[in-house]
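Asks: just coords:
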């Protein structure tokens, strides 16, 4: 009888079960936290891609507008509506270019770019470049000044112009040129 009682393992009273249960809870919490972090990183990456696409579109439209001005495709006669504003005649932007929905129906639409961006050109009047004092004012050439505001956006569903805008990028430049 003495031998039989000594071969029986000692009672642990459930301590091993409790330790395993605590370890499972800790591992489960770590897995959930890691999953949430991965989802956050994915959303941040997608937002960065949306913004980069919108910014590239805005830059492209800005360059297109500058080219149209420099190549003489646009003249002062074109100003006075439809995305061309003459500030000297009291025409100011009647919308906030930093609001994505404000661009609906505003600006100059240009082919496929109309789905992902738009631009407006403002005529700012005549100015002189590099005038340092009254003596060289008389020898300075008058230049026409323009401000170009271009907006690009990324759509929730590519190719669907009615889908919600996910990101908006607005760029602006000023250009001076002779008649």
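Replies: Structure received. Every value quoted in this text rests on a predicted model; they were computed, and no experiment measured them.

Asks: CA only for contacts and neighbour counts going forward, please
Replies: Will do.

Asks: Report the distance from the longest helix seen in the chain to the chain centre.
Replies: For the chain, the longest helix by residue count, based on DSSP state H, is helix 15-70. Centre-to-centre, helix 15-70 and its host chain are 16 Å apart (Cα atoms, centre = their mean, to the nearest Å).

Asks: Quick check: mean pLDDT of the next helix or strand after it?
Replies: Toward the C-terminus, helix 15-70 is succeeded by strand 84-86 as the next helix or strand (DSSP states H and E). The average pLDDT within strand 84-86 is 84.

Asks: quick one, the helix or strand following strand 84-86 and helix 15-70 angle?
Replies: The helix or strand immediately downstream of strand 84-86 is strand 117-128, counting by DSSP H and E. If you take axes from the mean of the first three to the mean of the last three Cα atoms, to 10 degrees, strand 117-128 sits at 50 degrees to helix 15-70.

Asks: Counting by contacts, list what strand 117-128 packs against.
Replies: helix 15-70, strand 84-86, strand 142-155 (3 or more Cα pairs under 8 Å, 6 or more residues apart in numbering; DSSP states H and E).

Asks: For residue 175, list the residues it contacts.
Replies: Shown in contact with residue 175 (Cα atoms under 8 Å, 6 or more residues apart in numbering): 66, 145-148.

Asks: So it: helix, strand or coil?
Replies: The local conformation at residue 175, judged by DSSP: H, G, I helix; E, B strand; the rest coil, is strand.

Asks: Roughly how far does it sit from residue 148?
Replies: Noted for residue 175: a distance of 8 Å to residue 148, by Cα to Cα, to the nearest Å.

Asks: again with residue 26
Replies: 57 Å.

Asks: quick revisit: in TSV, list the helices and strands packed on strand 117-128 along with distance to residue 95.
Replies: Shown next, in TSV, are the helices and strands packed on strand 117-128 (distance: least, Cα to Cα, whole Å):
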stretch	distance to residue 95
helix 15-70	17
strand 84-86	12
strand 142-155	12
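
Asks: these two touch, right, residue 174 and residue 125?
Replies: No - the pair residue 174 / residue 125 is not scored as a contact, 11.8 Å apart, by Cα atoms under 8 Å.

Asks: Setting aside sequence neighbours, what's the nearest residue to residue 150?
Replies: Nearest residue to residue 150, sequence neighbours excluded (Cα to Cα, 6 or more residues apart in numbering): residue 119, at 4.1 Å.
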